[in-house]
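Engineer: Attaching a predicted model along with its sequence, questions to come.
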Amino acid sequence: MTIRVFRNARLLTMDPALGDLEHGDLIVEGDRILDVGANLRAPEGAETVDATDRIILPGFVDTHRHMWQGLLRGIAPAHTFPQYMDNILGDFGPAMTPHDLYTGNLLSARAALASGITTIQDISNIQDAPAHTDALVTALQESGIRAVFGYGKSFPDILAHGTVLPADTRRVRGRLLADPEALVTMALVAEGGSDEAERANAALARELDVPISRHFSDRFSAAHLRDIGALLPGTTFIHGNGLSAEELAVIADSGGSLSVSPAIEMIMGHGYPMIAPALARPGLTVSLSADVEVTVSADMFTQLRAAYQAGRHAQHSNGASTGVTVHDILRMATLDGARSLGLADRTGSLTPGKQADLLILRADQPDVAPVHDPYSTVVLQMDRSHVETVMVAGREHVHSGRPVADSSELLNDARRTAHRLDRTGISARSGRGQTDGYGSRNS
């Protein structure tokens, strides 16, 4: 079993009991973190890695991304939410073959890994047939990323008919959760659209023993779900712009969490990101997510900055003397993301015994050195170019700043699909209605 000792690094453990080390050592044995400390004794036969001028932290956790849309990156820079529903979900979604979905998911996963995201929740709102589902899951498994596959149906279906999730979820659950150590696990995206459907989907989640994630809806608020018996402990609510203190309290008291996508929320018009009020609510776990690559960059550095800017702006607007810190924002992107997904026993901090999901960042570059506050450096100064090593369960996906996987054929697949969509005219329709007003808060 390979043992690696990373020497003399700046360690941001995100573990409250361990704190941070300015000149620390980290030992990885196989897929696990063996030890963290200063001047650690190296086990016999260990490989030593000089990590001077490096910042080592847990890999980022993205708690909400529609990964199949990696195939459509940048196609909708000015869409409002109604336009996204109409064009991306209404036009592009039905045109996707299982192979297209495989390509989109794998492309999105590899991009996430290349930018330091080691755990992701795929809010997969395109389960049109078992073949689609299998293609999406296979891509996640082949990528090597730690993922929660959020089985869901498309919004147009839910809004038009209400949706009770199908029996095929049981088959998928059996495939994904047969191995308790598997990197890809499962959740339900339980957005039924009616009280009856919501109760049925909650019952299904209880039966399968999987968590629920859902986009926030005024009609199906946490309080309403509680009142009809459909609010499960640990539910991840997505967006939630403009939520009242009372609604935040219901989510917190249920053991739920809030996933905020600050960049997309400001561009698509969902409302102001709930960074400051959510962080101010005691007991509420708040995480970060990219949402849709059709509009925003899906790296976590983009979300870190957008979240900090939104939180500080809200603080200044309210005249508060204290508020959101860079430490808060980095915790949202690591440990609290893992807590939101129920994975904090495996990842989210550099805690001995957890799996070795690591991000190593170069801090010896002219654009980031000298480092006075490593949290400020990561949140406000760094970007993808500083990513040197990315590891999931001890397996390297980025080495010396370069992705390990060869994506040449994957990119050829993506180009062929883009060409096909251009020929059908769907891509051309993606630019319509750019000047319409903002619509619904949900995406």
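Structural biologist: That came through fine. Residues are numbered from 1 along each chain as shown.

Engineer: Just the pLDDT for residue 52.
Structural biologist: What the model reports as pLDDT for residue 52 is 98.

Engineer: what about it, which SS state?
Structural biologist: On the three-state scheme (DSSP: H, G, I helix; E, B strand; the rest coil), residue 52 is labelled coil.

Engineer: Not counting its neighbours along the chain, what's nearest it?
Structural biologist: Nearest-residue entry for residue 52: residue 8, 4.7 Å, with adjacent residues in sequence omitted and distances by CB to CB, 6 or more residues apart in numbering. Quick note: C-beta positions are derived from backbone N, CA and C, even for glycine.

Engineer: Please apply the same query to residue 365.
Structural biologist: In space, residue 365 is closest to residue 386, 6.5 Å off (CB to CB, 6+ apart).

Engineer: Got the phi and psi for the residue nearest to residue 52?
Structural biologist: Taking degrees, to the nearest 10, you get phi 60, psi 40 for the backbone angles of residue 8.

Engineer: cool, residue 146 as well?
Structural biologist: Note on residue 146: its backbone torsions stand at phi -80, psi 120 [degrees, to the nearest 10].

Engineer: burial of the nearest residue to it once chain neighbours are set aside, as a residue count?
Structural biologist: Spatially, and ignoring its direct neighbours in sequence, residue 146 is nearest to residue 119 (4.2 Å; CB to CB, 6+ apart). A count of neighbours around residue 119, defined by other CB atoms under 10 Å, yields 27.

Engineer: How are the strands of the stretch 301-443 of the chain distributed by residue range?
Structural biologist: Assigned strands in the stretch 301-443 of the chain, in chain order: 358-362, 387-392, 395-399, 402-403 (criterion: DSSP state E, counting those that start in this stretch).

Engineer: can you tell which of those strands is closest to residue 254?
Structural biologist: Shortest separation from residue 254 across the strands of the stretch 301-443 of the chain is recorded for strand 387-392, at 30.2 Å, computed as CB to CB.

Engineer: what's the closest one packed up against?
Structural biologist: Contacting strand 387-392 under the criterion 3 or more CB pairs under 8 Å, 6 or more residues apart in numbering; DSSP states H and E are the following elements: helix 98-114, strand 117-124, strand 358-362, strand 395-399.

Engineer: got the angle for it vs strand 395-399?
Structural biologist: If you take axes from the mean of the first three to the mean of the last three CA atoms, to 10 degrees, strand 387-392 sits at 160 degrees to strand 395-399.

Engineer: hang on, the earlier thing: how much space separates the residue nearest to residue 146 from residue 427?
Structural biologist: For residue 119, the distance to residue 427 equals 32 Å [CB to CB, to the nearest Å].

Engineer: cool, residue 379 as well?
Structural biologist: Distance from residue 379 to residue 427, by CB to CB: 35 Å.

Engineer: Which of these two has more residues huddled nearby?
Structural biologist: residue 379 (22 against 19).

Engineer: and the more buried one, what is it in contact with?
Structural biologist: Each residue near residue 379 by CB atoms under 8 Å, 6 or more residues apart in numbering is listed here: 304, 305, 308, 326, 329, 330.

Engineer: In helices, which of these fall?
Structural biologist: Of the positions in those, 304, 305, 308, 326, 329, 330 sit in helices, assigned by DSSP state H.

Engineer: So residue 64, which state does it fall into?
Structural biologist: strand.

Engineer: Helix or strand with the lowest mean pLDDT in this protein?
Structural biologist: Among the secondary structure pieces of the chain, namely its helices and strands, helix 155-161 has the lowest mean (mean pLDDT, DSSP states H and E), a mean of 64.

Engineer: Redo the strands of the stretch 301-443 of the chain as JSON lines? Include mean pLDDT, mean neighbour count and distance to residue 191.
Structural biologist: Formatted as JSON lines, the entries for those read as follows, by pLDDT from 0 to 100; neighbours: other CB atoms under 10 Å; distance: least, CB to CB, whole Å:
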{"stretch": "strand 358-362", "mean pLDDT": "98", "mean neighbour count": "23", "distance to residue 191": "32"}
{"stretch": "strand 387-392", "mean pLDDT": "98", "mean neighbour count": "23", "distance to residue 191": "29"}
{"stretch": "strand 395-399", "mean pLDDT": "98", "mean neighbour count": "17", "distance to residue 191": "32"}
{"stretch": "strand 402-403", "mean pLDDT": "97", "mean neighbour count": "12", "distance to residue 191": "34"}
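
Engineer: Residue 245: neighbour count?
Structural biologist: Residue neighbour count, defined by other CB under 10 Å, stands at 9 for residue 245.

Engineer: One more: residue 223?
Structural biologist: The tally of other residues near residue 223 (other CB under 10 Å) stands at 15.

Engineer: Before we move on, what's the pLDDT of it?
Structural biologist: Among the per-residue scores, residue 223 holds a pLDDT of 96.

Engineer: Contact partners for the closest residue to it other than its chain neighbours?
Structural biologist: Nearest non-adjacent residue to residue 223, counting by CB to CB, 6+ apart: residue 250, 5.0 Å away. Applying CB under 8 Å, 6+ apart to residue 250 gives the contacts 221, 222, 223, 226, 231.

Engineer: Confirm for me that the last one is in contact with residue 221.
Structural biologist: What that stands for is residue 231. No: using CB atoms under 8 Å, residue 231 and residue 221 do not qualify as a contacting pair, with a distance of 9.6 Å.

Engineer: Alright, I will stop here.
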